[in-house]
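1. I'd like to go over a predicted model; first the sequence, then the structure.
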Amino acid sequence: MKLIRNGAFEADNFTEVADDAPLPEGGAIVSLDRFRKDGENLFAHNRPLGVRLKPDQSPENLGPDAQRLSLVVLEFEKFRDGRPFSWARLLRTRLGFRVEIRAAGGYL
């Protein structure tokens, strides 16, 4: 994944991991399904962990473990779908999430 921060390309310390793949060294981004199924095992590796949410997956599905994550990736499937913007606001205001939120996919 290309990471653009403050208008410049930057090295990404996280790797997207398929549901059936082993965790890489360093940070990993997993699907919500894998996180729900294997969360404690993922945290036991003591590496930075992120979760990728699809537009129809509310961050409330992360539960109290949201505070243990290093980042959340909000996926935009269509540029006209604004739900991920609402999820970002919910993460910050209602869930008190203070670390990195990323946007991925087709957004403006």
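-> That came through fine. Owing to the predicted nature of the structure, the values given are computational and were not obtained by experimental measurement. Numbering: from 1, shown residues only.

2. contacts and neighbour counts: CA atoms only from here.
-> Noted.

3. Where do the helices of this protein begin and end?
-> 32-44, 83-93 (DSSP state H).

4. Which of those helices has the highest mean neighbour count?
-> helix 83-93 (a mean of 17; mean count of other C-alpha atoms under 10 Å).

5. Across the sheet, point out what pairs with residue 16.
-> Residue 16 has these beta-bridge partners by DSSP bridges: residue 29.

6. For it, the count of nearby residues, please.
-> 17 (other C-alpha atoms under 10 Å).

7. what pairs with the helix or strand bottoming out on mean pLDDT in the chain, and is each one parallel or antiparallel?
-> Of all helical and strand segments in the chain, the minimum by mean pLDDT, DSSP states H and E falls on strand 3-5, at a mean of 81. On the basis of DSSP bridges, the sheet neighbours of strand 3-5 come out as strand 8-10 (antiparallel).

8. correct me, but residue 49 touches residue 43?
-> Yes. The pair residue 49 and residue 43 qualifies as a contact (C-alpha atoms under 8 Å) at a distance of 7.4 Å.

9. Figure out which of the helices of the chain is closest to residue 69.
-> Distance to residue 69, taken as C-alpha to C-alpha, is lowest for helix 32-44 among those, at 8.8 Å.
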